[in-house]
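>>> Give me a 3D structure for the following:
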Amino acid sequence: MFLGNLSATTERKARKPKAEKSTLASESQDANPSVTDDIGETKVVMKRLPSGEKPILYSRESPEIPRGLLMDYFKDCAAMLLDDKNIRDVINESVVKGIGLHQIEVEFQRDVLENNFQVERDFGCQYLGSIPNRFPEDKELIEGAKDFMLGCMRGYLKAVKTRSKLFKSGAIPGPLPNQNMTRASILEFFEACNALMGMPETRKELRDIFLMTKNIPNERVIEMQRNILKQLGYHPDFGVSCLNRIGQDFRNDREIMTKMQFFAVGAEVACHMSTMDESELANFMSQVPPLLHHCPQVHVLQQRMMAHQQMQIQQQMAGQTPQVSPEQRQQDTKALQNSGMLSYLSTPEGRQQLQEMAAKVSESRKRVEDEITTWDAEKKSDFFTSFQAHPVLAELSEPRDPLEKMKVILSFSDADLDAAMKMIVVLTSDEGGDMMNELRKKAAEGAASEGSSDDATQRHQAMHSMVAALSSLDNMKRMQQMRTAAPHGGAPHGQPGHQHSASCSHGAPAVGANDVSKNAGRPMER
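Model prediction:
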């Protein structure tokens with residue numbers, strides 16, 4: 001979002017707001033294995049235990065994790081990530097292994113979960129991410145998870161700042177002059193910017209600037225981003241030149257491109273939130289899942305991805321070439337907000353239902369795809385024709401609001417779901433466009449008839465609803481699988497169920513982020 005503005009901004013002495021001091025606490029030069037809480041008491045911070053010292057007690061075979069253990073993990077692990085000695089250990093490990101701080105901190109969280117708290121790491125990560133669904137009424141536990149996320153983000157920012165001091169002192173080698181930013185440094189930059197935008201004191205500062213100047217505080221965000229480049233050991237102008245070459249140097253690097261989207265939307269959302277009064281902010285945050293309150297850009301980007309995918313499906317079924325404009329994206333996002341799927345996404349129970357159905361959709365696609373690859377054009381056409389009389393299509397053809405249609409889809413039996421997924425796979429084949437064109441033609445002829453409510457019109461609309469919903473659910477599952485398959489997720493540090501995974505590549509097309517600093521709805525300069 002701000003890359004173009006960053007490169008055009010001359011280096012200037014950044015003002016030091018009071019809030020910034022509390023965001024990145026000053027570090028002592030001594031390795032102090034303790035932290036001080038708000039009332040001045042010193043608490044001993046536990047050490048990360050080596051693997052195998054304690055037996056694993058909680059896994060898929062014994063799935064219930066005690067509530068007290070979860071609360072202790074949230075509190076203790078966050079404190080450990082803020083501890084000076086642990087931070088130095090993380091930095092040293094990053095230098096020795098030659099990988100980014102964000103990856104080391106993710107593994108630190110996973111190590112503590114398994115080695116100290118005796119929860120098998122992969123199972124534990126998934127369990128943490130499901131807390132709002134498992135304990136929707138336990139506000140204290142959900143707040144504990146949110147505080148843990150914030151603590152992890154603070155710990156990462158503190159580690160970046162501590163390492164910057166070590167660069168300057170010569171204790172560890174920093175980047176060489178005019179050495180291009182490494183892949184790890186680029187990812188660290190995106191992670192640090194996202195974490196900084198989620199800090200309560202950053203949000204307060206941006207809000208104060210807006211109230212004082214009546215202008216969106218994009219310049220202050222740019223200063224913060226440039227300061228992160230300095231902390232990573234790069235001159236801001238040179239760092240920006242490296243970032244502007246990402247499209248050339250890392251064209252096929254899905255993780256970097258995804259993280260860049262989160263970076264862009266994170267800055268955009270932070271600026272947008274600065275313009276909201278208390279009631280507007282409360283309304284905005286009420287739409288964001290609880291565990292994303294410190295990184296709402298994840299929710300915003302996921303909505304845009306879903307809207308973008310639905311638009312592509314609509315255009316494909318209409319025989320159009322998919323094209324994206326900011327105006328179209330805004331319209332599709334608004335349409336998504338009025339859909340039945342978003343109604344389900346707004347509650348923990350609804351999200352759980354969608355996640356379960358998304359898993360079924362993914363499994364169904366796997367079952368049917370191999371079979372359909374053996375079909376010739378005639379067999380695909382015969383199946384398309386026969387599906388027009390399928391009971392699920394007849395049921396979806398009845399007048400219903402979007403929420404009721406979504407309920408019908410969620411109630412599909414395995415056989416009905418397999419039939420529907422076969423239809424989707426057929427429609428996305430080379431012959432699918434001609435089939436839908438024929439159905440659309442019949443629908444148009446029926447609509448043109450006086451007083452006619454032709455069955456073809458209803459079938460076309462029902463087919464459209466079914467394909468859009470099931471395709472979105474299928475994409476949701478792919479995104480979940482990619483988040484848990486790779487070293488680190490697209491969300492900032494500390495997002496339960498996401499912060500522990502290995503490199504995240506969200507399986508959705510790139511969506512340009514609007515440059516709100518100029519109120520321009522154009523894709524981010526890259």
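
>>> Output the below-cut-off pLDDT ranges for this structure.
For the chain, residues meeting the criterion pLDDT under 70 lie at 1-44, 307-351, 399-403, 439-440, 442-456, 475-526.

>>> Do a quick rundown of the strands in it.
Along the chain, the stretches classed as strands by DSSP state E are 34-36, 42-44.

>>> So residue 408 is in contact with residue 397, correct?
No. Using Cβ atoms under 8 Å, residue 408 is not in contact with residue 397, being 10.6 Å away. All C-beta atoms are positioned from the backbone trio N, CA, C, and that covers glycine.

>>> how near is residue 185 to residue 156?
14 Å (Cβ to Cβ, to the nearest Å).

>>> Next, count neighbours for the nearest residue to residue 367 once chain neighbours are set aside.
Take residue 367 and drop its neighbours on the chain: the residue closest to it by Cβ to Cβ, 6 or more residues apart in numbering is residue 418, 6.1 Å away. Other residues near residue 418 come to 18 when the count uses other Cβ atoms under 10 Å.

>>> Residue 418 is in contact with residue 365, isn't it?
No. Counting by Cβ under 8 Å, residue 418 does not reach residue 365; the two are 9.3 Å apart.

>>> So for residue 185 and residue 156, which residue has more residues nearby?
Neighbour count, other Cβ under 10 Å: between residue 185 and residue 156, residue 156 has more, with 29 against 20.

>>> if I look at residue 353, how far off is residue 305?
20 Å.

>>> quick one: which of those two has more around it?
residue 305 (21 against 17).

>>> distance of the more buried one from residue 262?
For residue 305 relative to residue 262 (Cβ to Cβ), the value is 12 Å.

>>> tell me the contacts of residue 159?
Applying Cβ atoms under 8 Å, 6 or more residues apart in numbering, we find residue 159 in contact with 81, 87, 90-91, 101, 105.

>>> Columns neighbour count and distance to residue 211 on top of those, output as JSON lines?
Formatted as JSON lines, these follow (neighbours: other Cβ atoms under 10 Å; distance: Cβ to Cβ, whole Å):
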{"residue": "81", "neighbour count": "26", "distance to residue 211": "33"}
{"residue": "87", "neighbour count": "25", "distance to residue 211": "35"}
{"residue": "90", "neighbour count": "24", "distance to residue 211": "37"}
{"residue": "91", "neighbour count": "19", "distance to residue 211": "38"}
{"residue": "101", "neighbour count": "27", "distance to residue 211": "34"}
{"residue": "105", "neighbour count": "25", "distance to residue 211": "34"}
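
>>> and which of those is nearest residue 280?
residue 81 (32.7 Å; Cβ to Cβ).

>>> isn't the closest one right next to residue 150, touching?
No. Under the criterion of Cβ under 8 Å, residue 81 makes no contact with residue 150, lying 10.9 Å away.

>>> separation between the residue nearest to residue 367 and residue 432?
Taken as Cβ to Cβ, the span from residue 418 to residue 432 is 18 Å.
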